[in-house]
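In: Need a 3D model of the sequence below.
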Amino acid sequence: MQSDTRDSSSARKVETFASLPPSANSLPEGSGQNTAGSHSEPLTLKDAVKTVRFQDFTQVHMYPCVRESFLIGIAGAFGTGSIRAIFGAQIPKATNWAVGTFILVSWGNYELCNYKRTVEKAQMKRVVEVMDLKKAKKMEKENELDKKREERRRKKEEDDMKLEEAKRWGGWKFW
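Out: Okay, here's the model as predicted:
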């Protein structure tokens, strides 16, 4: 009896996945402007934690701007903690200042770096557009020059043909 339920549930899964929506770009029913779609049950923190992988933490230094931000944060934390300790603050207090400085400086530098990258991408896109425009104008100008050259060549050939014709008759006139 239990094998029958397994077979019927697997058959339902196949039927569910076999029927494709009319358009892959269409949103689920009732989703409105939300591209995440509608969920029957609310998402929880537990669901969010399940999406985090250990690999995310082992490769964090490979993400853009992170390494530089961490290094600057460490330098700022070391400087702030050292200065607080030198000027008489207790070690736990100096450490708290160092950790706070690390977090603020790392976060600030990361955001600044991302902003610079965004601006640089926009500038590069603009440069590519300008280069494409210049290339199109240059091609248009070359096409115009080619047409003028062709026109001059054709006119010269006509003049040469008339001159040849005049030489061939040798100045003969029938009248």
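In: so what's the backbone phi/psi at Ala89?
Out: Here is the backbone geometry of Ala89 (degrees, to the nearest 10): phi -70, psi 150.
In: who's in contact with stretch 152-163?
Out: Residues from elsewhere that reach stretch 152-163 (CB atoms under 8 Å, 6 or more residues apart in numbering): none. C-beta here means a position set from N, CA and C on the backbone, and glycine is covered the same way.
In: For that stretch, output the C-alpha coordinates as PDB.
Out: Taking C-alpha atoms only, stretch 152-163 is exported to PDB below (Å, rounded to 0.1, in the frame of the first residue of the first chain):
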ATOM      1  CA  ARG A 152      35.800  61.900 -59.500                       C
ATOM      2  CA  ARG A 153      37.200  58.600 -61.000                       C
ATOM      3  CA  ARG A 154      34.100  58.200 -63.100                       C
ATOM      4  CA  LYS A 155      34.200  61.800 -64.300                       C
ATOM      5  CA  LYS A 156      37.900  61.500 -65.200                       C
ATOM      6  CA  GLU A 157      37.200  58.300 -67.200                       C
ATOM      7  CA  GLU A 158      34.400  60.100 -69.100                       C
ATOM      8  CA  ASP A 159      36.800  63.000 -69.800                       C
ATOM      9  CA  ASP A 160      39.500  60.600 -70.900                       C
ATOM     10  CA  MET A 161      37.000  58.800 -73.200                       C
ATOM     11  CA  LYS A 162      36.000  62.100 -74.800                       C
ATOM     12  CA  LEU A 163      39.600  63.000 -75.300                       C
END
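In: remind me which residues of the chain are low pLDDT?
Out: Applying pLDDT under 70 to the chain flags the ranges 1-40, 169-175.
In: And the helices in it, which stretches?
Out: 2-18, 45-50, 54-58, 66-86, 91-169 (DSSP state H).
In: Just say which of those helices is most tucked in.
Out: Among the helices of the chain, ranked by average contacts under mean count of other CB atoms under 10 Å, first place goes to helix 66-86 (a mean of 16).
In: tell me what it is packed against?
Out: In terms of contacts (3 or more CB pairs under 8 Å, 6 or more residues apart in numbering; DSSP states H and E), helix 66-86 is packed against helix 91-169.
In: how far does the helix it packs on sit from the chain's center?
Out: Centroid separation for helix 91-169 versus its chain: 18 Å, with CA atoms, centre = their mean, to the nearest Å.
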